[in-house]
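Enquirer: My questions are about this predicted structure, shown below with the sequence.
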Amino acid sequence: MAENGYDFYMDEYLLPVPPSKLTIKVNNANKTVSLINEGEINILKQPKLTEIEFECEIPQTKQPYAVYTSGFKDAGYFLDYFEKLKAGKKPFRFIVCRKNPSGKTLLNTNLKVSLEDYKITEDSGNGFDFKVKFNLKQWRDYGTKTVNIQMAASGTKASIEPQRETDNAPVPTASQSYTVIRGNTLWGIAKRFYGNGAKYTVIYEANKEIIGSSPNLIRPGQVLTIPAV
């Protein structure tokens, strides 16, 4: 845990130095119109996508204040990963874990986002280290609905099939492993691997000896077996 009590994850990777400032902009789509003899009114609509902006340091050399979950990685390692997030054309999880000095967990942020753009700055005042500024945008799953028309003696009935999400995960065809990071839940891990969070029980049953008596007891660093389904 960094000294300021913040951990920032881009997907499953912990940023080595947490940003000093984070801006989360919750946009709205409300519309103000003028009615005859009524004046202005505000039509409330579903909010627009949330936007996130921050700048962080990516050290080129090992710094005493930087945190690495699996040993030191230089700046090139992280810059390559950021480019994969941008070019991969897939949403990922942006997670911020907050703790006060006593270790008590505070409000966490966990959003599915897209990497809209990022800017890399090299400054002689920072030595060999880099500054990277990110602009993220909230991602909402979307899909289509199918209407089934059934003819019956009592009349025509229509039913709507559940929405088909566009980001269904490929179901594992062979057993694999996953290392838990801070902010993970079994529901989220199951959603990631199986496309269905309700299958968390499959993972729990396969890892009871590691997790313990409750699915809520998973901890960062635990290596879980993800069974094939």
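Expert: That came through, no problem.

Enquirer: ok, Glu51 - contacts?
Expert: Glu51 makes contact with 24-25, 27, 135-138, according to CB atoms under 8 Å, 6 or more residues apart in numbering. Bear in mind the C-beta positions are built from the backbone N, C-alpha and C, glycine included.

Enquirer: List the buried residues for the longest helix along the chain?
Expert: In the chain, with assignment by DSSP state H, the single longest helix is helix 75-87. Along helix 75-87, these residues count as buried under the neighbour rule (16 or more other CB atoms under 10 Å): 75, 78-79, 82, 85.

Enquirer: moving C-terminal of that helix, what's the next helix or strand?
Expert: Past helix 75-87, further along toward the C-terminus, the next helix or strand under DSSP states H and E is strand 92-98.

Enquirer: what's that following strand packed up against?
Expert: Judged by 3 or more CB pairs under 8 Å, 6 or more residues apart in numbering; DSSP states H and E, the packing partners of strand 92-98 are strand 6-10, strand 109-122.

Enquirer: Of these, which stretch is the most buried?
Expert: Sort those by mean neighbour count, taking mean count of other CB atoms under 10 Å, and strand 6-10 sits at the top with a mean of 20.

Enquirer: Pull up the pairing partners for it, direction included.
Expert: As defined by DSSP bridges, the strand partners of strand 6-10 come to strand 13-14 (antiparallel), strand 92-98 (antiparallel).

Enquirer: re earlier: could the helices and strands packed on strand 92-98 be laid out in JSON lines, adding mean pLDDT and distance to Thr69?
Expert: Putting the helices and strands packed on strand 92-98 into JSON lines (pLDDT from 0 to 100; distance: least, CB to CB, whole Å) gives the following:
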{"stretch": "strand 6-10", "mean pLDDT": "89", "distance to Thr69": "10"}
{"stretch": "strand 109-122", "mean pLDDT": "93", "distance to Thr69": "18"}
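
Enquirer: Identify the residue nearest the geometric centre of this protein.
Expert: To find the centre residue of the chain, average its C-alpha atoms and take the closest one (CA atoms, centre = their mean): that gives Arg93, at 1.5 Å.

Enquirer: Isn't that residue up against Asn110?
Expert: Yes - at 6.6 Å, Arg93 and Asn110 qualify as touching, with contact defined as CB atoms under 8 Å.

Enquirer: Residues that sit against both of these two, list them.
Expert: Shared contacts of Arg93 and Asn110, defined by CB under 8 Å, 6+ apart, are found at Gly183.

Enquirer: how about low-confidence regions in the chain?
Expert: In the predicted model of the chain, residues 1-4, 143-173 satisfy pLDDT under 70.

Enquirer: rerun at 80
Expert: Low-confidence regions of the chain, defined by pLDDT under 80, span residues 1-5, 12, 37-38, 101-106, 142-174, 183, 198, 214-216, 229.
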